[in-house]
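J.: Turn this into a structure:
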Amino acid sequence: MSRLPPHERLAAIAAAAIEVFGRLGYRGTRTAEVAAKASMSTGSLFTYVESKEALFHLVFLYGLRLLPDSPELPLRTPEPGATVALFAQALDGAPMSRLHVALVGDEPADVAGELRGIVAEIYDTLERAWPLLSVVERCAPEMPELETVWFGEGRADIYTDLAEYLRRRAVSGQLRPMPDAYMAAHLVGEMAAWSAWHRRHGYDGKLFDDQTARRTTIEFVCAALIPETAPQDIN
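T.: Below you'll find the model as predicted:
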C-alpha cells in the first residue's frame, strides 16, 4: 500500500472501513480492525485519517464519489453533524428519477415500459450504492440523526412516492390494484434490495449472476403488477 498515491491509499482504507462499519456498526468498529483489513498498522492508518470520526467521514466521501484527488493528510475530524449533512445533501441533490417523472407527468401510453424503467432504476441505484447503504443501515440505529435522514426521510420518501405511483396507475386501470399500495411499494423495494444487495451476503446469492438477478426481479414485479391485457415488451 505504501507505493500507492495518497488518493488511492485513502480509497483502499475507505473500502476496508466500509466492510467493517457495515458489519459491526459504528460503536463496534475498532480502527485497529480497519487498519488490519487495509493491510497496514494502526499508526499508519492515523497518518491518513485523524480519528475514527474522520474515518467514518471518509467512508461517505468514498461512497458518494467525493473523495478528492489531492487530499490533505491526515483527513481532519469533521464538525459534529457534517457526515450526516453530507449524506442528506447527496440525497437531496439526486437527479430527478423516473419515478418522479412519472408522478408529475401524464398517464403513459406504455405503462409496462414505464414500470420496468422505474424498477430498473431502483435496482441499479441499490446495486451501485449498496456498500455505503450497508454502513448507513447498520450504523443508523446508533446515530439518531442518520436514522432520521435515511429511514425517516430518504428511504421513507421513496416508498411514499412509489406507493402513490402504484395507487394512481391502479386507479387509471393500468396496474393491478393492491390491498395496500404502501405495502406493495415496500415489497417492490425489498425485492430489489435483496436481489441487488442482500443476496451478496448470503449463501443463496452464489446461485445467481448479476444479470439474471436484475432481469428476474424486474420481470417478476412487472408480471405481478401489470394486468394481462396491458401490452408488454420484455427485452
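J.: For the rest of this, base every contact and every neighbour count on C-alpha atoms.
T.: OK.
J.: Quick one, grab the pLDDT at the closest residue to residue 77 other than its chain neighbours.
T.: The shortest distance from residue 77 to any non-neighbouring residue, by Cα to Cα, 6 or more residues apart in numbering, is to residue 54 (4.5 Å). On the pLDDT scale, residue 54 is placed at 98.
J.: do the one 4 residues further on as well
T.: If you check residue 58, the pLDDT there is 98.
J.: What sits closest to it if chain neighbours are left out?
T.: residue 14 (6.1 Å).
J.: quick one: secondary structure of the one you found?
T.: helix (DSSP: H, G, I helix; E, B strand; the rest coil).
J.: and it, how many neighbours?
T.: Using other Cα atoms under 10 Å, residue 14 is surrounded by 24 other residues.
J.: swap in residue 224?
T.: As a burial measure, residue 224 scores 11 neighbours (other Cα under 10 Å).
J.: what's the spacing between it and residue 26?
T.: Distance from residue 224 to residue 26, counting by Cα to Cα, to the nearest Å: 39 Å.
J.: contacting residues for residue 221?
T.: By Cα atoms under 8 Å, 6 or more residues apart in numbering, residue 221 lies in contact with 119, 188.
J.: Kindly report the same for residue 105.
T.: If you count contacts by Cα under 8 Å, 6+ apart, residue 105 has none.
J.: That one and residue 146: what is the separation?
T.: Counting by Cα to Cα, the gap from residue 105 to residue 146 is 32 Å.
J.: What of residue 204?
T.: Distance of residue 204 to residue 146, computed by Cα to Cα: 30 Å.
J.: Have a look at the two and say which one is more surrounded.
T.: A direct count of neighbours by other Cα under 10 Å for residue 204 and residue 146 places residue 146 higher, at 22 against 9.
J.: so the more buried one touches residue 84, yeah?
T.: Yes: using Cα atoms under 8 Å, residue 146 is in contact with residue 84, at 5.7 Å.
J.: SS state for the residue nearest to residue 224 when sequence neighbours are not counted?
T.: Nearest non-adjacent residue to residue 224, counting by Cα to Cα, 6+ apart: residue 176, 7.9 Å away. Put simply, residue 176 is coil when judged by three-state DSSP.
J.: Could you tell me the end-to-end distance of stretch 101-120?
T.: Stretch 101-120: ends 14 Å apart by Cα to Cα.
J.: Show me which positions of it end up buried.
T.: Residues 102-103, 111-112, 114-120 are the ones in stretch 101-120 that count as buried (16 or more other Cα atoms under 10 Å).
J.: Much appreciated, bye for now.
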